[in-house]
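Trainee: Could you work out the structure for the sequence below:
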Amino acid sequence: MQLSNRTLNRTLLARQHLLARSTLTTAEMCDHLVGLQAQDVPPPFVGLWSRIADFDPATVSVGLEDRSLVRITVMRGTIHLVTPPDALRIAPLIQPELEKVPFRKGFNFGAMVGLDPERVRADGEAVFGDEPVSAADLRAAARRLYPDRDPGAVVQAWLYQLPVLQTPPRGRWRDNSRPVWSRVQPWLGAPLDPTYPVAELILRYLRAFGPASTTDMQAWSRLPAMKNAVTALGDRVRAYTDEQGRTLYDAADLELADPDRPAPVRLLGWYDNALLSHRDRSRVLADSAVPPLRVFASNVSSILVDGFVAGVYKVFVDSDTARLRISPSRPWSKTEAAQVESEASALLSFLEPDSAPRIEVLAPGADLRP
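Mentor: Down below sits the predicted model:
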């Protein structure tokens with residue numbers, strides 16, 4: 001069965017809870033999505049606000065404090081907001097791929113070339129110990145142990161070599177504190193679980209992002225042998241083709257969304273999972289979409305109109321005023337423009353409740369900078 005791009009779009013949005021806001025809790029949403037992209041502090045809050053009805057940002061702050069949520073480096077070598085069970089079972093799958101990175105010639109211009117990886121790892125384990133350690137203290141230790149190397153590169157190598165996570169206060173609502181790191185096991189009080197099958201992880205990916213090709217799976221996870229994972233799932237997956245004739249896989253017990261179902265306007269956080277989790281992003285980036293360099297720029301976020309990226313926005317806070325500036329990628333109808341402004345106004349009230357709100361819709365393709 002061949003699937004249209006619009007069917008893929010609506011199915012992705014339905015599974016991402018972007019067609020209708022969900023009643024799932026914050027932890028349940030993190031579990032369903034296999035984590036939310038959280039390299040920076042604001043994006044997971046925007047992502048959850050866009051997906052959960054009456055989302056309370058305090059649920060993230062409390063979860064980080066009581067350790068029912070954690071910020072950890074997993075898929076694509078980036079930080080995600082996940083539940084502890086996922087931290088313990090996904091980290092061992094991702095770790096072997098992360099550990100290859102620091103000693104490649106392209107890593108920080110070869111900053112670690114010539115060093116013994118096992119010695120570097122042992123030094124990192126000693127520096128971390130069992131207690132959280134600040135980024136500043138990590139850099140000081142790196143300078144002491146490797147005076148002829150870039151301390152930032154040494155610290156980054158440790159963060160790749162060792163299963164670590166970020167501890168509060170960073171990551172709480174409106175708290176952009178400098179990172180404090182801890183090894184996973186001491187923080188969560190439980191050992192890593194190396195027995196979690198890759199196939200189970202991929203089935204969960206399909207439930208949140210499918211249907212998808214094996215190259216999509218690899219783009220999301222950065223893990224090898226995706227065909228083996230699909231084979232291991234057997235009749236738990238079914239196969240389709242897309243408009244280009246590529247094979248797509250999906251969880252066999254899930255339905256596809258109606259391609260004619262209306263899609264409400266949604267404002268995503270930058271680097272949102274819905275945009276980063278496929279090799280072929282045409283299911284959300286239409287031909288007329290914003291150029292990818294703008295969509296994936298730091299602090300620049302995407303706007304979905306009729307289910308596809310149709311513009312970008314950025315929030316600027318000056319004194320007592322918060323401005324949400326919008327740059328469409330194409331002309332919008334009056335109805336579309338009104339829907340975008342309504343959703344933007346609601347988001348700005350959520351993000352900056354103490355500032356005077358101001359929505360600015362620019363000409364298509366305009367620079368977001370004031």
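Trainee: Each with direction, which strands does the longest strand seen in the chain pair with?
Mentor: As assigned by DSSP state E, the longest strand anywhere in the chain is strand 308-318. Sheet pairing of strand 308-318 (DSSP bridges) gives strand 301-305 (antiparallel), strand 321-328 (antiparallel).
Trainee: winner for burial among those strands?
Mentor: Of those, the one with the most neighbours on average (mean count of other CB atoms under 10 Å) is strand 301-305, at a mean of 25. Bear in mind the C-beta positions are built from the backbone N, C-alpha and C, glycine included.
Trainee: quick one: contacts for Ala126?
Mentor: Contact partners of Ala126, counting by CB atoms under 8 Å, 6 or more residues apart in numbering, are absent.
Trainee: Assumed it was part of a strand.
Mentor: No. Using DSSP: H, G, I helix; E, B strand; the rest coil, the secondary structure at Ala126 is helix, not a strand.
Trainee: so what pLDDT did it get?
Mentor: Ala126 carries a pLDDT value of 96.
Trainee: Could you do Tyr196 as well?
Mentor: 97.
Trainee: Let me know the distance separating it from Cys30.
Mentor: Remark: distance between Tyr196 and Cys30 (CB to CB, to the nearest Å) = 16 Å.
Trainee: These two: which has the busier surroundings?
Mentor: Here Tyr196 and Cys30 are compared on neighbour count by other CB atoms under 10 Å; more neighbours surround Cys30, at 26 against 17.
Trainee: ok, back up a step: so which bits of the longest strand of the chain are buried?
Mentor: Going by neighbour count (16 or more other CB atoms under 10 Å), the buried part of strand 308-318 is 308-315.
Trainee: Specify which member of these is nearest to Glu99.
Mentor: Distance to Glu99 across those (CB to CB) is lowest for Val309, with 34.4 Å.
Trainee: Run a quick check on that closest one versus Arg330, I expect a contact.
Mentor: No. Using CB atoms under 8 Å, Val309 is not in contact with Arg330, being 10.3 Å away.
Trainee: And the helix or strand harbouring Leu98, what's buried?
Mentor: Assigned by DSSP states H and E, Leu98 falls within helix 84-99. For helix 84-99, the neighbour count (16+ other CB under 10 Å) marks 84, 86-95, 98-99 as buried.
Trainee: Kindly report the same for stretch 229-244.
Mentor: By 16+ other CB under 10 Å, the buried positions in stretch 229-244 come out as 229-230, 232-233, 237, 240, 242.
Trainee: again, but for stretch 191-199
Mentor: 192, 196, 198-199.
Trainee: returning to what we had before: so for the longest strand of the chain, mean pLDDT?
Mentor: The average pLDDT within strand 308-318 is 95.
Trainee: Ranking helices and strands of this protein by mean pLDDT, which lands last?
Mentor: Least confident helix or strand of the chain, by mean pLDDT, DSSP states H and E, is helix 292-295 with a mean of 55.
Trainee: list the contacts for the closest residue to Ala190 other than its chain neighbours?
Mentor: Closest residue in space to Ala190, ignoring its immediate chain neighbours: Leu88 at 5.9 Å, by CB to CB, 6 or more residues apart in numbering. By CB under 8 Å, 6+ apart, the residues touching Leu88 are 184, 188, 190-193.
Trainee: what do you get for Asp242?
Mentor: Contacts for Asp242 (CB under 8 Å, 6+ apart) come out as 2-3, 5, 8, 213, 248, 280.
Trainee: could you dump the buried residues of stretch 191-199 to CSV with secondary structure and distance to Pro353?
Mentor: Below are those laid out as CSV (DSSP: H, G, I helix; E, B strand; the rest coil; distance: CB to CB, whole Å):
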residue, secondary structure, distance to Pro353
Leu192, coil, 40
Tyr196, coil, 40
Val198, helix, 43
Ala199, helix, 44
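Trainee: Mind putting those into CSV with distance to Asp56?
Mentor: Supplementary listing: the buried residues of stretch 191-199 in CSV, determined by distance: CB to CB, whole Å:
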residue, distance to Asp56
Leu192, 31
Tyr196, 30
Val198, 34
Ala199, 35
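Trainee: If we only consider these, which is nearest to Glu65?
Mentor: Of those, the one sitting nearest to Glu65 (CB to CB) turns out to be Leu192, at 22.3 Å.
Trainee: Where do the helices of the stretch 1-150 of the chain begin and end?
Mentor: Assigned by DSSP state H, counting those that start in this stretch, the stretch 1-150 of the chain shows helices spanning 5-15, 26-32, 42-51, 58-66, 84-99, 117-128, 135-145.
Trainee: what does the first one rub up against?
Mentor: Outside helix 5-15, the residues that touch it by CB under 8 Å, 6+ apart are 19, 207-211, 242-243, 248, 254, 256-259, 261, 263, 274, 282-284, 304, 307-308.
Trainee: could you flag which of those residues are buried?
Mentor: 19, 207-211, 242, 248, 254, 256-257, 263, 274, 282-284, 304, 307-308.
Trainee: Tell me which of these fall in strands.
Mentor: If you go by DSSP E, these have 248, 304, 308 in strands.
Trainee: burial count for the nearest residue to Lys227 once chain neighbours are set aside?
Mentor: Among residues not flanking Lys227 along the chain, Thr214 sits closest, at 5.5 Å (CB to CB, 6+ apart). Neighbourhood size, Thr214 [other CB under 10 Å]: 19.
Trainee: just to revisit the earlier point, restrict the contacts of Asp242 to the buried ones and give me that as a ChimeraX selection.
Mentor: Buried residues within the contacts of Asp242, by 16+ other CB under 10 Å, are selected in ChimeraX with:
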select :3,5,8,213,248,280
